[in-house]
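Trainee: kindly generate the corresponding structure for this input.
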Amino acid sequence: MKVDLNSDLGESFGRYKLGLDEEVMKYITSANVATGWHAGDPLVMRKTVKLAKEKGVAVGAHPGYPDLMGFGRRYMKLSPEDARNYILYQIGALYAFTRAEGLELQHVKPHGAFYNALAKEEELARAVIEGIADFSKNLIFVTLSDSKPAQIAEEMGVKIAHEVFADRAYNPDGTLVSRSKPGAVIHDKEEIAERVISMVKDGGVNAINGEWIELKVDTICVHGDNPKAVEITRHIREVLEREGVKIVPMKEILR
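Mentor: Alright, predicted model coming up:
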């Protein structure tokens, strides 16, 4: 049994520092690097790519809405043409740094409100996947487990990594509970680890209302901006390995 651990990193910019990238990077196998629109800047992007290279962590683009002030967590209405080109532009920005460091670009995972919008807006999802395919069909599209975007990507011949979230509560329809609602984010490391084991070994988890939902799991997101990010990420990895689960980059799972 294999699974990937991913985290959203490189989200500092200018004099603003966010996250514990150096420590979190020790325990993950894939890094989603911010591409400058919701967070990140050229110096941070290169630094994060270099760090991933040193730690043997695979690198993917983490494109978001053009919303530094709102950290990409505010919904924006985009036309399909906008979405397709926004994605392609941000992939290209990170690719410059992975190429400079001699690394392969492994995947693309949209950020925040952009990510959530894809599960609700089929036309938007299709445009984003087209933007990824414009760059390369060898890139892996990371999306919410067993969602409509995953179905669209499969139809279009784009590789998919079904993603679950270690520290987020789920609605009964498989979407994430809004961060504005109580209980949306889980902070107890033991509860998080129990949920992760349930997802990986039992193929599902209890939604916020107690209803069981089935989930496909290729990659698990652990948030690097959580104050206890390092402790939680280390604990998740230790528990998974103790259960006989091998932690590998998503490209090794999706061969």
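Trainee: the strand or helix carrying Glu190: what's the following helix or strand?
Mentor: If you go by DSSP states H and E, Glu190 is part of helix 189-197. Once the chain leaves helix 189-197, the next helix or strand it forms, by DSSP H and E, is strand 204-206.
Trainee: report the buried residues of that following strand.
Mentor: For strand 204-206, a neighbour-count test (16 or more other Cβ atoms under 10 Å) marks 204-205 as buried. Just so you know, the C-beta spots here come from the backbone N, C-alpha and C atoms, and that holds for glycine as well.
Trainee: distance between it and the chain's centre?
Mentor: Remark: strand 204-206 is offset 19 Å from the chain centroid, using Cα atoms, centre = their mean, to the nearest Å.
Trainee: same question for stretch 45-60.
Mentor: The chain centroid and the centroid of stretch 45-60 are separated by 15 Å, computed with Cα atoms, centre = their mean.
Trainee: using PDB, list the CA coordinates for it.
Mentor: Extracted C-alpha coordinates of stretch 45-60, given in PDB (Å, rounded to 0.1, in the frame of the first residue of the first chain):
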ATOM      1  CA  MET A  45       9.900  30.100  -5.400                       C
ATOM      2  CA  ARG A  46      13.500  29.400  -6.100                       C
ATOM      3  CA  LYS A  47      14.400  28.900  -2.500                       C
ATOM      4  CA  THR A  48      11.600  26.400  -2.100                       C
ATOM      5  CA  VAL A  49      12.500  24.500  -5.200                       C
ATOM      6  CA  LYS A  50      16.100  24.200  -4.100                       C
ATOM      7  CA  LEU A  51      15.000  23.000  -0.700                       C
ATOM      8  CA  ALA A  52      12.800  20.300  -2.300                       C
ATOM      9  CA  LYS A  53      15.700  19.200  -4.400                       C
ATOM     10  CA  GLU A  54      18.000  18.900  -1.300                       C
ATOM     11  CA  LYS A  55      15.300  16.800   0.500                       C
ATOM     12  CA  GLY A  56      14.400  14.600  -2.500                       C
ATOM     13  CA  VAL A  57      10.800  16.000  -2.500                       C
ATOM     14  CA  ALA A  58       8.900  16.100  -5.800                       C
ATOM     15  CA  VAL A  59       7.700  19.600  -6.900                       C
ATOM     16  CA  GLY A  60       4.400  20.800  -8.200                       C
END
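Trainee: need the contact partners of that stretch.
Mentor: Applying Cβ atoms under 8 Å, 6 or more residues apart in numbering, the contact partners of stretch 45-60 are 6, 9-10, 21-22, 25-26, 28-36, 40, 93-94, 97-98, 100-109, 139-140, 142, 249-251.
Trainee: swap in 7 Å and give it another go.
Mentor: 9-10, 21-22, 25-26, 28-33, 36, 94, 97-98, 101, 103, 105-109, 142, 249, 251 (Cβ atoms under 7 Å, 6 or more residues apart in numbering).
Trainee: quick one: average confidence on it?
Mentor: Throughout stretch 45-60, pLDDT has a mean value of 98.
Trainee: which parts of that stretch are buried?
Mentor: Buried residues in stretch 45-60, defined by neighbour count with 16+ other Cβ under 10 Å: 45-49, 51-52, 57-60.
Trainee: can you tell me how far Glu214 is from Ala39?
Mentor: In this view, Glu214 and Ala39 are 32 Å apart by Cβ to Cβ, to the nearest Å.
Trainee: do the same with Asn171
Mentor: 26 Å.
Trainee: between these two, which is the more surrounded one?
Mentor: Comparing Asn171 with Ala39 by neighbour count (other Cβ atoms under 10 Å), the higher total belongs to Ala39, at 27 against 16.
Trainee: so what's the residue count around the spatially closest residue to the more buried one that is not a sequence neighbour?
Mentor: Counting by Cβ to Cβ, 6 or more residues apart in numbering, Ala39 lies nearest to Glu11, which is 3.8 Å off, once chain neighbours are set aside. Glu11 has 25 neighbouring residues, counting by other Cβ under 10 Å.
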